[in-house]
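Student: requesting a structural model of the entry that follows:
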Amino acid sequence: MARPTISSMPKSNVVEMARSIIARPNGGRKRRDPGIAPDPSGTTAVAPIPHGDPATIPPGTRRIGVIFVHGIGTQPPRETFLNWSNPIVEMLSEWRREHDEANPCKPMIGENPVQTGAIECDDGCDERAWARIAIPKIGEHPAETWLLTEAYWAGVVRAPSFGQALRYLQGHIAAIISGIANGYGIREDRRTDRLGKIIDSQPEPRDARVKAEIEELRRSDSLQWRWIDWLDRIWKFQVIRRLLALIATVVSLVALAIYAPLRAIPIKAIRERAELAALDAQLVDAFGDLPVLLDDAVQSAIIRQRLASTIEWVLDRGCDEVVLIAHSGGAIVSYATLLDPAYHRLPVAKLMTLGQGLALGWRLERVTAPFVAGNPIRGDLGAARHDLRWVDFWASYDPAPAGELQPVDGCPLIAVQDVDTKLPPSPIQVESRPITNYMHMGQDHGGYWENDEGFLVPLIRHIDDAKGDGGDSRFYTDKLGRAVRIERRRRRVGLLLGWRWASLAAGIATLVLAILPGITPDVRIDDTGNALAKVLSYIPGHELVAGPIHGLGATIAALFLAIGVDIGPAAAWLGPILLGMLLPVIGGFLIYSRGVGSWKATDAAERKLIRREVFGPAGSAWAKSEAILLIGGLIGLVLAGAGVTPGVLVGELVGTAILSLVIRAAFRQG
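Tutor: Numbering: from 1, shown residues only. Okay, the predicted model is just below:
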């Protein structure tokens, strides 16, 4: 039975411009046959570019369609496409630059992998952004063309009202938090064994580079870096997770109970306050689409059709294989679409999920209603799609997946490290890939595309080998090198995690020492507060800050007085102390922020380094020198809180600066 096709879409002016650029390369400065496309290898001309539709991939190469499926939110069209395609292009560009540098006697392939791209509009004026990526022939690997696009579905969803989102959250917040808490302590426990197998698999004799990388892997798993595991395992204790879950649930329910009537006040000026409007938007943005995906049968069917039409679009433009890349709620959309019998005719080779929200969807559906046959996200995906490969990336601090993907009743699957092709298609084997994003609950869910080592490298390999496990990819072929990249990322993020804990500990110690009697008796925190108040009084407009603070304090005092407690004397005594504590808080925040900024700069440099097949040693003289300065700054903060003499404090800071310069000079020479 032939697969139905969709009709050709009318093109926008942007497409006409793209045709013009293709027909007249270099802006028309040098004319050539407009029907011939340059070969990615730079040697010969290949198939002509069709004039009817520049998105159609001509024969002569393997053709892979890559579809991005965004998650829950109100993102505009093209945002996901641009945010996700750019990191892929940057990785491929650096890889191509390295190839040309390593092969100066061969025809250059050039650094830019993008052949063409455009924004199209269909009859309904829905925009579709796409780009064609050229993958050159390398050795036995044939040339490929990747057609990147997005299945944008946020624009077809009727945005839920604030009240609907609020009611849904109030009824589900306990299940959401408990699910996160139960899975949040899950950590990948196969790392040591995996590193050992990679080391043992290296053949003899081993050259200097292999020996150095093996030593780096062993050092990464040694006592020198074991403290990362110790900090990370804090969340494995159930008592800690349950306590935090209880606190989070109570606080959330109380906050929602207060917030709901506040938004119902019949005074327009209050309801339209910018702060409340921002909270409304965040609430709807974070949770509003969940009831649409899970409980609104009509809208969820429309969303599935949106993804199916995108799959059909790339197939109609010559793609041989289709790869779906789905984030968060996009995993719910992809799973439901792939299960839907209406779309079984549309072949999909691989599903790659990152920060998947599917487990959350399963949890909510089972808690709030019978999870029975007929539910769009309930079914045997392996039985429905025998040839589908599924790769799941999850960061251990990402609250959406809350750990490794696990099966539920009616949705059989097996999370594996390596897929066994000898096993039957059902239950489907999910290649589970734990990765290190930022080791931060608030940043891990959005940090996948900034993780070159753990996410982008395997992502590109899996696209290149769309029907396999990535082992037949032309990119980053050295397994030992890939392991070294991942371990470098883990150590680097571990330092960021350690910096957070160290900054927190230093801040607490500073505040405690500032309140207690100081080492120098004549240094008192209340004197510091009074001095700061005097300085602030000379600043024009200080009333804008002091007025609200005074008003808040007076309100609190009045409330206590209403129940017979006079806190006036205590407030007069406590005020200068709290104001004096403001200085170490500001100082600690500035030092911490400088540390995070320095880490980000180092991270960007290291990520660029590992985009090449052959990469150098990690670390830089600047980064090590900066670390000494930052640690010295925290020590100086604690000493200031302890009330040491100015001479001691200045001496510590000068000594830190000298040591930092020595470290920088020593490592620069090395």
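
Student: which segments of this protein make up each domain?
Tutor: 13-159+305-477, 162-287, 497-669 (automatic domain parsing).

Student: between those domains, which one is closest to residue 483.
Tutor: domain 162-287 (5.0 Å; Cβ to Cβ). (C-beta placed from N, C-alpha, C; glycine too.)

Student: which non-adjacent residue is nearest residue 217?
Tutor: residue 195 (5.3 Å; Cβ to Cβ, 6 or more residues apart in numbering).

Student: how much space separates the one you found from residue 482?
Tutor: Noted for residue 195: a distance of 12 Å to residue 482, by Cβ to Cβ, to the nearest Å.

Student: likewise residue 388?
Tutor: Residue 388 is 24 Å from residue 482, by Cβ to Cβ.

Student: let me have the domains of the chain in CSV, extended by distance to residue 489 and mean pLDDT.
Tutor: Listed next are the domains of the chain as CSV, based on distance: least, Cβ to Cβ, whole Å; pLDDT from 0 to 100:
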stretch, distance to residue 489, mean pLDDT
domain 13-159+305-477, 4, 85
domain 162-287, 10, 72
domain 497-669, 8, 79
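
Student: which of those sits closest to residue 487?
Tutor: Nearest to residue 487, of all the domains of the chain, is domain 162-287, at 4.2 Å by Cβ to Cβ.

Student: need the strands for the stretch 351-500 of the chain, in chain order.
Tutor: Ranges of strands in the stretch 351-500 of the chain, per DSSP state E, counting those that start in this stretch, are 389-395, 413-416, 428-435.

Student: export the ones you listed to a markdown table and tack on mean neighbour count and distance to residue 651?
Tutor: Converted to a markdown table, the strands of the stretch 351-500 of the chain look like this (neighbours: other Cβ atoms under 10 Å; distance: least, Cβ to Cβ, whole Å):
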| stretch | mean neighbour count | distance to residue 651 |
| --- | --- | --- |
| strand 389-395 | 25 | 43 |
| strand 413-416 | 16 | 56 |
| strand 428-435 | 22 | 44 |
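
Student: picking that back up, so what's the backbone phi/psi at the residue nearest to residue 217?
Tutor: phi -60, psi -40 (degrees, to the nearest 10).

Student: what is the burial count for it?
Tutor: Using other Cβ atoms under 10 Å, residue 195 is surrounded by 19 other residues.

Student: got it, and residue 112?
Tutor: 12.

Student: tell me where the protein has strands.
Tutor: For the chain, the strands defined by DSSP state E cover 62-69, 114-121, 127-135, 144-150, 321-327, 350-354, 389-395, 413-416, 428-435.

Student: what about stretch 359-371, distance to the chain center?
Tutor: Distance of stretch 359-371 from the chain centroid (Cα atoms, centre = their mean, to the nearest Å) equals 25 Å.

Student: cool, stretch 489-508 as well?
Tutor: 19 Å.

Student: adding distance to residue 634, write the strands of the chain out as TSV.
Tutor: Shown next, in TSV, are these (distance: least, Cβ to Cβ, whole Å):
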stretch	distance to residue 634
strand 62-69	41
strand 114-121	45
strand 127-135	46
strand 144-150	44
strand 321-327	36
strand 350-354	35
strand 389-395	27
strand 413-416	40
strand 428-435	29
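
Student: quick one: closest of these to residue 474.
Tutor: Nearest to residue 474 among those is strand 127-135; the distance by Cβ to Cβ comes to 7.7 Å.

Student: and residue 505, which of the strands of the stretch 351-500 of the chain is closest to it?
Tutor: Counting by Cβ to Cβ, residue 505 lies closest to strand 389-395 out of these; the figure is 24.5 Å.

Student: which elements pack onto that closest one?
Tutor: Using 3 or more Cβ pairs under 8 Å, 6 or more residues apart in numbering; DSSP states H and E, the elements in contact with strand 389-395 are strand 350-354, strand 428-435, helix 457-464.

Student: on that earlier part again, quick check, the residue nearest to residue 217 in contact with residue 216.
Tutor: No - judged on Cβ atoms under 8 Å, residue 195 makes no contact with residue 216 at a distance of 10.5 Å.

Student: what residues are shared contacts of the two?
Tutor: Residues touching both residue 195 and residue 216 (Cβ atoms under 8 Å, 6 or more residues apart in numbering) are residue 487.

Student: circling back: in CSV, list the helices and strands packed on strand 389-395 along with distance to residue 157.
Tutor: As requested, these are exported to CSV (distance: least, Cβ to Cβ, whole Å):
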stretch, distance to residue 157
strand 350-354, 20
strand 428-435, 27
helix 457-464, 27
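
Student: quick one: which of those is nearest residue 223?
Tutor: Nearest of the helices and strands packed on strand 389-395 (Cβ to Cβ): strand 428-435, 22.2 Å.
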